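Peer 1: no sequence on this one, just coordinates:
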Ligand code: FA5
């Protein structure tokens, strides 16, 4: 073996034996550094005769090229191995929960909103929304409650300062303006519910200045009161999670429905707990009626061809009933102990198949 071949073997063995990047760098410096063995060989070419240089030059240069290539290849191999080791040591099981126990809970109002939406979605209703700050026109006038109509006094309204053009906005007193918005932009058949925040100047154990309602609206050519009753019955069975309910209709008055009906639900309050579907008590459930033809006309729908029904109820009141919460004001006090007691697990989404309120 020539001296060069021996040197090459030694360097390449050292390259292979280098176990990490620092060891490899040391081998590189000892061969290719300023005073490295290969560099010294190359330097020695300068002192040779032209013939000697011709004979040795190609061998020295190709030795340098092979050493450079071997160092580069070993460097890549070491980097790959280091990356593999890191990937193994930093492996994260993404199926594990972020925390041992989920933090936070769902507020009963949010829970009931989701339950109501799940039930009506199953009945073929879609969700429509409107703003909390509403035109006086949509909240009242188009719903057949013109200015100075005594029915306006039924709603203790929060008024917003007059606009530059003299028009007036209100904090919507009910979700019924979403009926108007929907009819103005959508042609029948219409089947919507609109849950959301509503506001009235009112505060005691069962009234809150900000509360939540849900509205239902169905418009087509053949709907009648029987459909309305069936819809509310199906809702009650699903919501209160009972097989049968009994509803009682009472004549009522809403300017936007004619005739207007309030529905009560048979219940049993004996024994300190409320049960639905049996008993001798009645519980107020929702206001409703056939949509007043004037409202259809005000919203650009031909009352000679179309008719429909509407209903509306309080979400907070439903939550109080279903989950036994005595005072509506406690909903909005942000008391963590209250929330821990009445809140719902964050990942349990209410569905009809999976259970509404597990
Ligand atoms: C209405 O607001 C009608 N828009 C409902 C309606 C819709 C009738 C469509 C016909 C057709 P009412 O004023 O009765 O109706 O309110 C409906 C429900 O909202 C009440 O039954 C009650 O559950 C709830 N509610 C009313 N005021 C408050 C309040 N201050 N705090 C909590 N809940 C309230």
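Peer 2: Done, it's in. Everything quoted here is computed from the prediction, not taken from an experiment.

Peer 1: ok, now which ones touch residue 209?
Peer 2: 158, 199, 200, 201, 202, 203 (CB atoms under 8 Å, 6 or more residues apart in numbering). For glycine as for every other residue, the C-beta is placed from the backbone atoms N, C-alpha and C.

Peer 1: and what of residue 197?
Peer 2: Counting by CB under 8 Å, 6+ apart, residue 197 makes contact with 132, 210, 211, 212.

Peer 1: Now the two most distant members of the residues you listed.
Peer 2: 132 and 211 (11.9 Å; CB to CB).

Peer 1: who touches both of those two?
Peer 2: Joint contacts of residue 132 and residue 211 (CB under 8 Å, 6+ apart) are 197, 199.

Peer 1: Now, the contacts of residue 197 that are in strands?
Peer 2: Mapping the contacts of residue 197 onto strands (DSSP state E) picks out 210, 211, 212.

Peer 1: Pairing partners for the least confident helix or strand in the chain by mean pLDDT, with directions?
Peer 2: Ranking every helix and strand in the chain by mean pLDDT, DSSP states H and E puts strand 275-276 at the bottom, with a mean of 82. Sheet pairing here is set by DSSP bridges, and for strand 275-276 it gives strand 257-268 (antiparallel).

Peer 1: what does the partner strand contact?
Peer 2: Contacts to strand 257-268, defined as CB under 8 Å, 6+ apart, come from residues 225, 228-229, 232, 236, 240, 245-254, 274-293, 309-311.

Peer 1: Drop anything exposed from those residues.
Peer 2: Buried members of the contacts of strand 257-268, counted by 16 or more other CB atoms under 10 Å: 228-229, 232, 236, 240, 245, 247, 254, 274, 276-277, 283, 285-293, 309-311.

Peer 1: which of those are close to the ligand?
Peer 2: Contacts with the ligand within these, counted by CB under 6 Å from any ligand atom: 254, 287, 288, 289, 310, 311.

Peer 1: now those residues as TSV including secondary structure and pLDDT?
Peer 2: Formatted as TSV, these follow (DSSP: H, G, I helix; E, B strand; the rest coil; pLDDT from 0 to 100):
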residue	secondary structure	pLDDT
254	strand	94
287	strand	97
288	strand	98
289	strand	98
310	strand	98
311	strand	98
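
Peer 1: Report the contact partners of residue 153.
Peer 2: Listed by CB under 8 Å, 6+ apart, the contact set of residue 153 is empty.

Peer 1: Just the pLDDT for it.
Peer 2: On the pLDDT scale, residue 153 is placed at 74.
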